[in-house]
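Engineer: Compute the structure for the input listed below.
(2 chains)
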2 protein chains.
Amino acid sequence: MTGHFFEGAEKLLEIWFLSSNNNSGTDKGNNDLRNIPRDLIEEVLNLVNCKVLKYAQSATTDTYVLSESSMFIFQSHFVLKTCGETTLLHAVQPMLALARDYCEFDKVDQVFYSRRKFLRPELQKAPHSSFDHEVAYLDSIFEGGCAYVLGRTNDDCWYLYTLDKTCAGTKSDQTLEIIMTELDPEKMKIFYQENTSSAAEATQKAAIDKIFPNAKIFDYLFDPCGYSMNGLLPDGHYFTIHITPEPDFSYVSFETNVSYNQYQDIVRKILKMFNPGKFTTTIFGGSAATSLDSQRKIFQYSDYGRVDHQIVCLVDYDLIYSYYKKYPS
Amino acid sequence: MTGHFFEGAEKLLEIWFLSSNNNSGTDKGNNDLRNIPRDLIEEVLNLVNCKVLKYAQSATTDTYVLSESSMFIFQSHFVLKTCGETTLLHAVQPMLALARDYCEFDKVDQVFYSRRKFLRPELQKAPHSSFDHEVAYLDSIFEGGCAYVLGRTNDDCWYLYTLDKTCAGTKSDQTLEIIMTELDPEKMKIFYQENTSSAAEATQKAAIDKIFPNAKIFDYLFDPCGYSMNGLLPDGHYFTIHITPEPDFSYVSFETNVSYNQYQDIVRKILKMFNPGKFTTTIFGGSAATSLDSQRKIFQYSDYGRVDHQIVCLVDYDLIYSYYKKYPS
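Structural biologist: Modelled structure (predicted):
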């Protein structure tokens, strides 16, 4: 294969921290990742081959729109999502050091590293050329890592690395990720500068501002095409969308940590917005997982057949992976 | 690593057939895999590097105890299970040809190929040196194959290849497989010729004849150690046990297609019989899968913690994979 190509599929890292000094009290003191100086965060992002395009803060969250995707920093955890040929895992050791040095976070509570199968793995830089290499890299840093493959290794699949331990911080969290491919070319036209004059206009045209009307949105329209946005919601909730619109390798991802009960509505909205040929949903659930499991049969979407459906019961939560394809019209 | 080693972990192949001529009538005529001449089955087994040690027939089933595990042949499907460095997948094309030539089975209804991660994959012959190679081999024969990995790729895991299609024959079937490692050395002593004079004596000492008291048992005690048995039950039900007793790489597998409601009792019996340090259970279920799923929390065994638990919803049935480790005593 030759010619222009961009790997939209993101590497996604989430690390939760604990401090031996003060991990149960309400006064967190120095135990706050947002204490890390911003220029040091930018140095880490440079190691990963990302630049900061936008930065903003809310009461709970520092948010970065990056040249390749996004970062969110909360009191005791961060989410880093990078696409293209970035080397996200090079951020792990420096972030552990910064958390220790600036926040007295000397313990890792939980780690999640995940990504979809790359379209062109041969273009990735070490250790991202294969999941086995990524796992070996992570196993050299963490103890008790578990590596899972969801979906079909000879078709679409999704990889997860996490730690086999009970956690203090992550139990009350939840995440929905929607990964879409074979997007509707008409819908994708919005995300070209030749058709749309600003990020704000793209956000409005696509109705991204209608998903959560109370969100503060930080958006970016790339030259000549492509789009990223971070949305901040009350109570440390967020959502983020990344769009690679080129027809040959179109890719859109949506991610949020709002509560479960909204997930089916959100998926319907997002499908209407982007009209993908194929999509996967991954849902991480804590205490509500059992009920999610029993309700899983209702997660059905007209026009789409569910090709794969898998549930992984992890120590503190369940993971539900589903892969859908549009019915032939 | 040097010295004596045997890969107990079996490759397991199950193929279900259909005929375009007569796949719904009650008169199956020539559509019967048991019509294949026995010497031609033995030729296929030679290709795989297995010899036939024992052969028997019931009204529903032809059964073979092999130098490396077992084969069962039913009217429209067969089960072939081979351990060591056998090349099981070399049986696929010849079996398809025999089914077509001798049984007018011109269509494949469903395929299941599965195995545990090998202890020493580097000793395996092509295409068994990696799951990716096995999948490529199967994809060159079948259309619509789906490859899954259950469990942890960096610890114990279990591989499955199956076809993404609705089936005529397999829906009413079910299977329980129990794969055990780190077996109790005391329990394993039974399966050495220096301690036990015959296969029948091993079967009795271990109480294998008590698992299903109405079974017809065909057993074999290897020199100097190791044990295999096939058990035939009414209505096309079977069970089979294979034992590699050497402490450095001990391995025991149990498999049956009796009905679900017996599975928890069976697992308890088998655990008591062999006392493994670790074991996995895989349950394939058809129409009863949903209720299995809802009951899954009761599949708990004292002395063992459940490390992994995954459910894969396939087209016609669900697969439930669980991995257990003994609690430290």
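Engineer: Quick one: mean pLDDT for stretch A:222-236?
Structural biologist: Confidence for stretch A:222-236, expressed as mean pLDDT, is 97.
Engineer: Provide a list of residues in contact with residue A:36.
Structural biologist: Taking Cβ atoms under 8 Å, 6 or more residues apart in numbering or on different chains as the contact definition, residue A:36 lies against A:73, A:98, A:99, A:102, A:103. (C-beta placed from N, C-alpha, C; glycine too.)
Engineer: what's near enough to touch the third one?
Structural biologist: Going back to what we said before, that points to residue A:99. Contacts were defined as Cβ under 8 Å, 6+ apart; by that measure residue A:99 touches A:15, A:17, A:33, A:36, A:105.
Engineer: ok, residue A:131 touching residue A:157?
Structural biologist: No. With contact taken as Cβ atoms under 8 Å, residue A:131 and residue A:157 are classed as non-touching, separated by 9.1 Å.
Engineer: The two: which is more packed in?
Structural biologist: Under the criterion of other Cβ atoms under 10 Å in any protein chain shown, the comparison of residue A:131 against residue A:157 puts residue A:131 first, with 24 against 20.
Engineer: Among the contacts of residue A:36, which one lies nearest to residue B:183?
Structural biologist: residue A:99 (43.6 Å; Cβ to Cβ).
Engineer: List the buried residues of the helix or strand hosting the closest one.
Structural biologist: Counting by DSSP states H and E, the secondary-structure element that holds residue A:99 is helix A:92-103. By neighbour count on 16 or more other Cβ atoms under 10 Å in any protein chain shown, the buried set for helix A:92-103 is A:92, A:94, A:95, A:96, A:98, A:99, A:102, A:103.
Engineer: Dump the residues you listed to a markdown table, plus distance to residue A:219.
Structural biologist: Formatted as a markdown table, the entries for those read as follows, by distance: Cβ to Cβ, whole Å:
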| residue | distance to residue A:219 |
| --- | --- |
| A:92 | 28 |
| A:94 | 28 |
| A:95 | 25 |
| A:96 | 31 |
| A:98 | 27 |
| A:99 | 29 |
| A:102 | 29 |
| A:103 | 29 |
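Engineer: can you count the residues close to residue A:216?
Structural biologist: Residue A:216: 15 surrounding residues under other Cβ under 10 Å.
Engineer: now swap in the one 10 residues further on and tell me
Structural biologist: One way to gauge burial is a neighbour count; for residue A:226, by other Cβ under 10 Å, it gives 21.
Engineer: right, and it touches residue A:249 too?
Structural biologist: No. Taking contact to mean Cβ under 8 Å, the distance of 11.5 Å between residue A:226 and residue A:249 leaves them out of contact.
Engineer: Which residues are in contact with each of the two?
Structural biologist: Common neighbours of residue A:226 and residue A:249 are listed as residue A:6 (criterion: Cβ under 8 Å, 6+ apart).
Engineer: Confirm residue A:17 sits in a strand?
Structural biologist: Yes. Residue state for residue A:17 (DSSP: H, G, I helix; E, B strand; the rest coil) corresponds to a strand.
Engineer: which of the buried residues of helix A:92-103 lies closest to residue A:122?
Structural biologist: Compare each of the buried residues of helix A:92-103 with residue A:122 using Cβ to Cβ and the shortest gap goes to residue A:92, at 23.3 Å.
Engineer: residues near the closest residue to that closest one other than its chain neighbours, how many?
Structural biologist: Residue nearest to residue A:92 in three dimensions, not counting chain neighbours: residue A:141, with 5.9 Å by Cβ to Cβ, 6 or more residues apart in numbering or on different chains. Other residues within reach of residue A:141 by the criterion other Cβ under 10 Å amount to 13.
Engineer: ditto for the one 10 residues further on
Structural biologist: Neighbouring residues of residue A:151 were enumerated by other Cβ under 10 Å; the total is 26.
Engineer: What's the separation between it and residue A:252?
Structural biologist: In this structure, residue A:151 and residue A:252 are 18 Å apart, going by Cβ to Cβ, to the nearest Å.
Engineer: What of residue A:230?
Structural biologist: Taking Cβ to Cβ as the criterion, residue A:230 is separated from residue A:252 by 15 Å.
Engineer: and the two? which has more neighbours close in?
Structural biologist: Applying other Cβ under 10 Å to residue A:230 and residue A:252 shows that residue A:230 carries more neighbours, namely 28 against 24.
Engineer: taking the contacts of residue A:99 as a set, which two sit the farthest apart in space?
Structural biologist: Of all pairs drawn from those, the one with the largest separation by Cβ to Cβ is A:15 and A:36; the distance is 12.7 Å.
Engineer: The nearest residue to residue A:55 once chain neighbours are set aside sits in which helix or strand?
Structural biologist: With sequence-adjacent residues excluded and distances taken as Cβ to Cβ, 6+ apart, residue A:55 is closest to residue A:64, at 5.5 Å. Secondary structure from DSSP H and E places residue A:64 in strand A:62-66.
Engineer: just residue A:265 next, same as before
Structural biologist: Here residue A:265 is covered by helix A:263-274, with elements defined by DSSP H and E.
Engineer: any idea how far chain B is from residue A:159?
Structural biologist: Applying Cβ to the nearest Cβ, to the nearest Å, the value for residue A:159 to chain B is 9 Å.
Engineer: so what's that residue up against?
Structural biologist: For residue A:159, the residues meeting the contact criterion (Cβ under 8 Å, 6+ apart) are A:114, A:115, A:116, A:117, A:131, A:134, A:147, A:148, A:149, A:150.
Engineer: To which secondary structure element is the last one assigned?
Structural biologist: In this structure, residue A:150 sits in strand A:145-151 according to DSSP H and E.
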